[in-house]
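Chemist: Structure of the sequence below:
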Amino acid sequence: MSSRLVAGLLATIAAGGLVAGALLESGLPAPATQWMFIALGLILPTLGLLLAVRRPEVRYGWLLLAAALCLGLGALGLGLSARGGYPHLLVTLLSCMSAGFYGLTWIFVPLLFPDGRLPSRRWRPVAWISGVAVAVHGVGLTFTGIKPYEMLDKPLVALLVAGVAQFVTWIMAVTVFCGLVVRWRRSEQAERGQYAWMVGGVTLSLAGGVLLLSSGTWVSGLAGVMMLIGALPAAIGVAVVRHRLLDIRIGIRGSRLHLMFDVRPTVDEVLSDLGTALDDAPEPVELLGRLAAAVRTGLEVRWAAVTLADGRRVVAGKEEGAAVLAVPVRGGLGRIECGPPLVTGPLPRSLPRSLTREDKRLLEALAVPAGLAIQSAGLVTRLVNAQEAERRRIERNIHDGVQQQLVALIAGLELARATGAGPDTLAHLREQARQTLADLRELAAGIHPSALSQGGLVEAVEERCSRLPVQTTVSVPSSLRSRRFADEIEGAMYFTVSEAVANALKHAAAATIDVRLSQADGRLRATVADDGTGFDPSATDRRGLATLSDRLDALGGGLTVDSSPGKGTRLTAWVPADG
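Modeler: Residues are numbered from 1 along each chain as shown. Sure thing, here's the model as predicted:
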């Protein structure tokens with residue numbers, strides 16, 4: 001069940017119970033005071049629905065919905081009790097839900113303000129004690145079978161338990177209120193207005209509870225109920241409208257009275273839009289630019305930048321002022337930086353806000369796909385560079401090798417025709433033509449060996465290793481000799497082995513090379529080990545191996561190199577392959 005549907009259901013039950021209970025208690029036509037009670041009571045489920053729908057990942061909206069549900073069901077129980085004729089147990093259970101409303105409103109709503117999280121770990125005992133006290137208060141009232149405010153002529157033990165729990169609830173409420181005041185005094189400028197309204201709302205709500213318990217007239221009792229029901233939701237509503245609680249704002253735009261309801265995108269929305277934007281980006285640089293733009297839009301900042309580990313930097317917006325927030329991209333691939341926030345808010349515009357904890361959480365969430373995007377951009381760049389380097393290598397080999405041989409062969413043929421050359425000259429030209437053909441075949445084998453297409457991976461590797469000038473052993477299980485794999489898998493593994501043995505000959509001065517092919521656990525694996533000079537992998541340029549590693553990564557595989565000076569080298573490559 002979606003969060004929107006659950007939030008709508010809870011808000012509907014809360015609002016329906018509140019309205020039905022109030023009208024059952026007073027009857028129709030209801031007096032103005034009852035309609036005022038309904039209007040104030042509906043603020044809470046409305047706010048809870050708004051926050052839960054627009055910010056489902058933030059717990060505060062769900063907390064308000066829970067308080068609204070307790071209020072609505074408690075009001076319904078009181079209404080049924082006033083009418084009479086309903087099952088006593090049902091009326092008692094519903095009526096005692098009001099105890100949950102008091103506890104949530106006086107303790108947890110201010111304690112978990114503004115994002116549904118405890119201010120610090122030190123408040124955990126307060127939360128646990130408060131939860132137990134509220135629960136015991138409700139259970140005690142249920143066993144007495146009375147309304148929360150009628151405690152006369154009932155079993156002494158149940159009344160005593162409920163009374164102690166209610167007293168603890170009041171103590172915890174005062175403790176939380178004092179902590180709220182401290183947080184207000186220590187809050188940043190951007191959040192001070194929100195905390196100020198919350199302090200005022202809790203003050204009036206607690207005062208309403210005191211007035212209700214000590215009231216001697218219906219006027220003071222009515223005032224207490226109105227303050228208790230409406231003060232805190234009204235304060236939260238003002239925080240939403242004027243101070244963008246959880247980045248929600250409401251205002252009036254244009255020359256006409258056109259209601260503007262503007263909410264900054266949620267984390268899920270930003271990630272969804274970012275995924276679409278990255279899928280549509282054809283070039284790596286544009287991909288990084290769209291990533292920076294998504295960060296800038298999501299956090300509503302003047303500029304956002306993506307800086308890669310190699311120093312490349314892509315900025316969205318006009319970079320003015322120092323970065324106010326930066327988070328590293330996973331894997332050490334770079335970092336994301338944000339400039340000062342935009343001047344936003346309801347009309348008239350408010351002062352620039354500072355970035356909040358919610359902004360940092362959003363940026364940290366974006367850092368995950370950012371790392372994938374940066375890695376993808378780097379992979380694409382390296383593959384493009386590798387393709388260009390390979391094209392130039394083939395072009396150079398053709399120009400410097402086969403092309404020159406063909407030119408020499410044609411010149412020799414022309415000279416032989418002009419001079420009437422004898423058998424020795426023709427034999428020399430025939431040998432030259434054979435050598436040119438051999439070189440062409442060698443060049444074609446470097447692009448895609450015919451043995452790989454015709455005989456498969458094992459045959460191609462064995463043919464490649466049979467021409468090496470050092471002792472080379474190829475070990476292959478019999479079950480693998482007849483196996484064929486996808487062209488891209490066979491090509492990647494063949495060229496990895498070919499590059500590894502070439503490096504062992506050219507750079508390691510190896511005397512023996514051991515090549516092993518195997519397949520197990522859904523992986524096709526190739527291992528090339530030599531007894532050469534070895535090297536330090538962390539201090540050596542591995543351009544050729546990096547290209548092969550990118551090729552294997554694109555297939556979901558990987559490549560590792562184990563080597564040290566004087567101890568030879570072992571290269572292991574693998575790709576997913578069904579057994």
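
Chemist: Residue 519 should be in a strand, yeah?
Modeler: Yes: checked against DSSP: H, G, I helix; E, B strand; the rest coil, residue 519 lies within a strand.

Chemist: Spatially nearest residue to it (excluding sequence neighbours)?
Modeler: Spatial nearest neighbour of residue 519, excluding adjacent residues (Cβ to Cβ, 6 or more residues apart in numbering): residue 480 at 5.7 Å. No exception for glycine: its C-beta is placed from N, CA and C like everyone else's.

Chemist: unless I'm mixing things up, residue 496 is touching residue 550, no?
Modeler: No: using Cβ atoms under 8 Å as the test, residue 496 is too far from residue 550 to be in contact (11.5 Å).

Chemist: Which residues are in contact with each of these two?
Modeler: Taking Cβ atoms under 8 Å, 6 or more residues apart in numbering as the contact rule, residue 496 and residue 550 have no neighbour in common.

Chemist: More neighbours: which of those two?
Modeler: residue 496 (24 against 18; other Cβ atoms under 10 Å).

Chemist: ok, residue 578 - how many residues close by?
Modeler: By other Cβ under 10 Å, 8 other residues sit near residue 578.

Chemist: Next one: the closest residue to it other than its chain neighbours from residue 559, what distance?
Modeler: Spatial nearest neighbour of residue 578, excluding adjacent residues (Cβ to Cβ, 6+ apart): residue 522 at 6.5 Å. Separation of residue 522 from residue 559 (Cβ to Cβ, to the nearest Å): 17 Å.

Chemist: Which one's more surrounded, these two?
Modeler: Between residue 522 and residue 559, counted using other Cβ under 10 Å, the more crowded position is residue 559 (22 against 10).

Chemist: Can you tell me the SS state at that one?
Modeler: Classification of residue 559 by three-state DSSP places it in strand.

Chemist: residue contacts, it?
Modeler: Applying Cβ under 8 Å, 6+ apart, we find residue 559 in contact with 496, 545, 548, 549, 552, 571, 572, 573, 574.

Chemist: thought the third one was touching residue 494?
Modeler: No: using Cβ under 8 Å, residue 548 is not in contact with residue 494; the gap is 10.7 Å.

Chemist: residues bridging contact with the two, i.e. touching both?
Modeler: Shared contacts of residue 548 and residue 494 (Cβ under 8 Å, 6+ apart): none.

Chemist: For this structure, which helix or strand comes out least confident on mean pLDDT?
Modeler: strand 258-263 (a mean of 46; mean pLDDT, DSSP states H and E).

Chemist: Excluding sequence neighbours, find me the nearest residue to residue 187.
Modeler: Going by Cβ to Cβ, 6+ apart, residue 187 has residue 195 as its nearest residue, at 5.0 Å.

Chemist: that older thread, most neighbours of all the contacts of residue 559, which one?
Modeler: Within these, most neighbours by other Cβ under 10 Å means residue 573, with 26 neighbours.

Chemist: Which strand or helix spans residue 516?
Modeler: Per DSSP states H and E: residue 516 is located in strand 512-520.

Chemist: Note down every partner strand of that strand and its orientation.
Modeler: If you go by DSSP bridges, strand 512-520 pairs up with strand 471-475 (parallel), strand 523-530 (antiparallel).

Chemist: Starting from residue 299, give me the distance back to the most centrally placed residue in the chain.
Modeler: The residue lying closest to the centre of the chain (Cα atoms, centre = their mean) is residue 365, at 3.7 Å. As judged by Cβ to Cβ, residue 365 and residue 299 stand 11 Å apart.

Chemist: swap in residue 565?
Modeler: Separation of residue 565 from residue 299 (Cβ to Cβ) stands at 49 Å.

Chemist: cool, and residue 548?
Modeler: Residue 548 is 39 Å from residue 299, by Cβ to Cβ.

Chemist: on that earlier part again, do you know how far the residue nearest to the centre of the chain is from residue 101?
Modeler: Distance from residue 365 to residue 101, by Cβ to Cβ: 34 Å.

Chemist: Repeat that for residue 207.
Modeler: Distance, residue 207 to residue 101, using Cβ to Cβ: 17 Å.

Chemist: before we move on, back to that, tell me who's in contact with the residue nearest to residue 519.
Modeler: By Cβ under 8 Å, 6+ apart, the residues touching residue 480 are 458, 517, 518, 519.

Chemist: Looking at those residues, which is nearest residue 34?
Modeler: Each of these was scored against residue 34 by Cβ to Cβ, and residue 519 proved nearest at 78.5 Å.

Chemist: Provide a list of residues in contact with that closest one.
Modeler: The contact partners of residue 519, taken as Cβ under 8 Å, 6+ apart, are 477, 479, 480, 483, 525, 577, 579.

Chemist: Which of these fall in strands?
Modeler: If you go by DSSP state E, the contacts of residue 519 have residue 525 in strands.

Chemist: Looking at pLDDT only, which of the contacts of residue 519 scores worst?
Modeler: Lowest pLDDT within the contacts of residue 519 is found at residue 579 (56).

Chemist: Show me what the helix or strand hosting residue 157 is packed up against.
Modeler: Assessed by DSSP H and E, residue 157 sits inside helix 156-186. Counting contacts by 3 or more Cβ pairs under 8 Å, 6 or more residues apart in numbering; DSSP states H and E, helix 156-186 is packed against helix 97-103, helix 109-111, helix 124-144, helix 189-214.

Chemist: And the contacts of residue 559, which two are furthest apart?
Modeler: Spatially, the most separated pair among the contacts of residue 559 is 545 and 574, at 14.4 Å (Cβ to Cβ).

Chemist: what's the helix or strand hosting residue 50 packed up against?
Modeler: Using DSSP H and E, residue 50 sits within helix 43-54. On a contact count with 3+ Cβ pairs under 8 Å, 6+ apart, helix 43-54 meets helix 3-26, helix 59-83, helix 218-243, strand 248-253.

Chemist: residues near residue 214, how many?
Modeler: Counted with other Cβ under 10 Å, residues neighbouring residue 214 total 10.

Chemist: What separation do you get for it and residue 222?
Modeler: Residue 214 is 14 Å from residue 222, by Cβ to Cβ.

Chemist: go on, residue 159?
Modeler: Distance, residue 159 to residue 222, using Cβ to Cβ: 26 Å.

Chemist: what's near enough to touch residue 534?
Modeler: Counting by Cβ under 8 Å, 6+ apart, residue 534 touches 508, 563, 564, 565, 566, 567, 568, 569.

Chemist: Give the helix, strand or coil label for it.
Modeler: From three-state DSSP, the assignment for residue 534 is coil.

Chemist: Repeat that for residue 469.
Modeler: coil.

Chemist: Need the phi and psi values for it.
Modeler: Backbone torsions for residue 469, taken as degrees, to the nearest 10, come to phi -80, psi 10.

Chemist: which residues sit in contact with it?
Modeler: Each residue near residue 469 by Cβ under 8 Å, 6+ apart is listed here: residue 505.

Chemist: how near is it to residue 511?
Modeler: 10 Å.

Chemist: so what secondary structure elements neighbour whichever strand or helix holds residue 326?
Modeler: Using DSSP H and E, residue 326 falls within strand 325-329. Judged by 3+ Cβ pairs under 8 Å, 6+ apart, strand 325-329 is in contact with strand 334-338, helix 357-397.
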